[in-house]
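In: Give me coordinates for this.
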Amino acid sequence: MADLVAAVDCGTNSTRMLISDGHQSIERIMRITRLGDGVASTGRLAPEAIERVVQALLEFRVLLDRYGVQKVRATATSAARDSVNCDEFFDAAEKALGVRPELLSGMDEGRLSFAGATAELDPNDGPFLILDIGGGSTEFVVGSSQVEGALSCNVGCVRLSEKWIATDPPLPEELLACLSVVGSHIDDVVREVPTVSEVRTLVGLAGTVSTAAAVELGLAEYDRDEIHHFRISKAAVEDVFRTLATENRSERIQNPGMEEDRADVIVAGLSILVKVMRQLGFDECLVSESDILDGIVADLACRGSSDGG
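Out: Model prediction:
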């Protein structure tokens with residue numbers, strides 16, 4: 001059996017791991033851990049948030065040992081970037097996982113997401129806009145077979161929710177505020193990455209986008225094969241957004257496909273997807289369940305084969 005590699009991503013909203021043989025996935029696991037709770041207002045990672053991630057990493061360590069994984073790369077993104085006490089988190093994470101997370105810049109995060117998301121796509125369908133909607137940041141990456149331009153924006157489903165949504169369901173003015181904030185970031189993308197105007201295919205990554213697809217498909221249980229490379233129309237995204245934005249949390253979780261742990265941030269996340277499709281003129285979004293984790297394991301496997309001659 002080929003040597004196994006693993007990628008662990010400690011994100012603002014979730015902590016995830018992919019174990020792979022370099023060609024196919026052996027195990028994928030995700031836990032909603034909310035590392036970024038309150039970071040936008042306090043500038044610090046909360047002790048209880050760090051502990052939630054540590055518990056997930058301890059669970060991951062058991063799996064890594066069970067599979068005998070030798071090469072592990074762990075990364076941390078927006079919440080850690082924005083906190084003054086990220087070293088405290090890295091120390092705790094290293095103790096739990098046995099590997100110290102590497103703090104990625106927004107650009108590095110975008111490049112790895114691009115590599116993971118485009119590996120199975122035909123470059124002739126490009127240029128692509130890889131839209132990676134995270135908890136604290138959203139990465140916009142443009143390219144066909146390689147990155148041609150990218151921008152990381154400090155807007156994500158957790159950050160938007162904490163700053164702009166105080167009622168349940170959100171008030172119309174709260175939704176308008178979210179859409180307006182996202183719109184100003186898209187203006188930045190258009191200015192900084194002018195090739196975004198040449199994009200042929202919008203590719204959406206992460207939980208917000210896969211949840212939109214799951215709700216549209218009415219999936220009672222998560223099914224990666226159903227969601228991966230599903231094409232969701234702008235009309236369907238607008239419909240899911242309108243439905244979930246006008247329901248309170250307890251009503252929202254009754255929708256098949258709506259994860260309970262994501263119900264309080266999904267409306268803010270969808271405001272990002274909706275605004276991108278409106279402002280940049282996309283009629284559909286290709287949903288990708290391959291993302292930064294796939295980019296990391298591909299990089300690890302590539303390094304492994306070159307190391308081995």
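In: give me the element V72 is part of.
Out: Using DSSP states H and E, the element containing V72 is strand 71-76.
In: Report the mean per-residue pLDDT for that strand.
Out: Mean pLDDT, computed over strand 71-76, is 94.
In: And the contacts of it?
Out: Contacts with strand 71-76, where a contact means Cβ atoms under 8 Å, 6 or more residues apart in numbering, come from 3-11, 35, 64, 86, 89-90, 93, 97-104, 109, 112, 292, 296, 299-300, 304. Backbone N, C-alpha and C define where each C-beta goes, glycine included.
In: Using ChimeraX, define a selection of the buried residues within those.
Out: Buried residues within those, by 16 or more other Cβ atoms under 10 Å, are selected in ChimeraX with:
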select :4,5,6,7,8,9,10,11,35,64,86,89,90,93,97,99,101,103,104,109,112,292,296,299,300
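In: okay, now the spatially closest residue to T12 that is not a sequence neighbour: neighbour count?
Out: Excluding the flanking residues, the one nearest T12 by Cβ to Cβ, 6 or more residues apart in numbering is G135, at 2.9 Å. G135 has 32 neighbours, counted by other Cβ atoms under 10 Å.
In: about what we covered before: list the buried residues for whichever helix or strand comes after the strand holding V72?
Out: Sequence-wise, the next helix or strand downstream of strand 71-76 (DSSP H and E) is helix 78-81. Within helix 78-81, the residues that count as buried by 16+ other Cβ under 10 Å are 78-81.
In: Now intersect the contacts of strand 71-76 with the helices, please.
Out: Counting by DSSP state H, the contacts of strand 71-76 place 64, 86, 89-90, 93, 97, 109, 112, 292, 296, 299-300, 304 in helices.
In: closest to L219 among these?
Out: I292 (23.1 Å; Cβ to Cβ).
In: ok so, going back, adding pLDDT and distance to D21, write the ones in helices among the contacts of strand 71-76 out as a markdown table.
Out: Output for the ones in helices among the contacts of strand 71-76, formatted as a markdown table (pLDDT from 0 to 100; distance: Cβ to Cβ, whole Å):
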| residue | pLDDT | distance to D21 |
| --- | --- | --- |
| L64 | 96 | 14 |
| C86 | 90 | 32 |
| F89 | 93 | 30 |
| F90 | 95 | 28 |
| A93 | 96 | 25 |
| L97 | 95 | 20 |
| E109 | 87 | 24 |
| L112 | 92 | 19 |
| I292 | 91 | 19 |
| I296 | 92 | 14 |
| D299 | 85 | 15 |
| L300 | 84 | 11 |
| G304 | 58 | 11 |
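In: and of those residues, the nearest to A150?
Out: Closest to A150, out of all of the ones in helices among the contacts of strand 71-76 and judged by Cβ to Cβ, is E109, at 9.3 Å.
In: Good, we can wrap up now.
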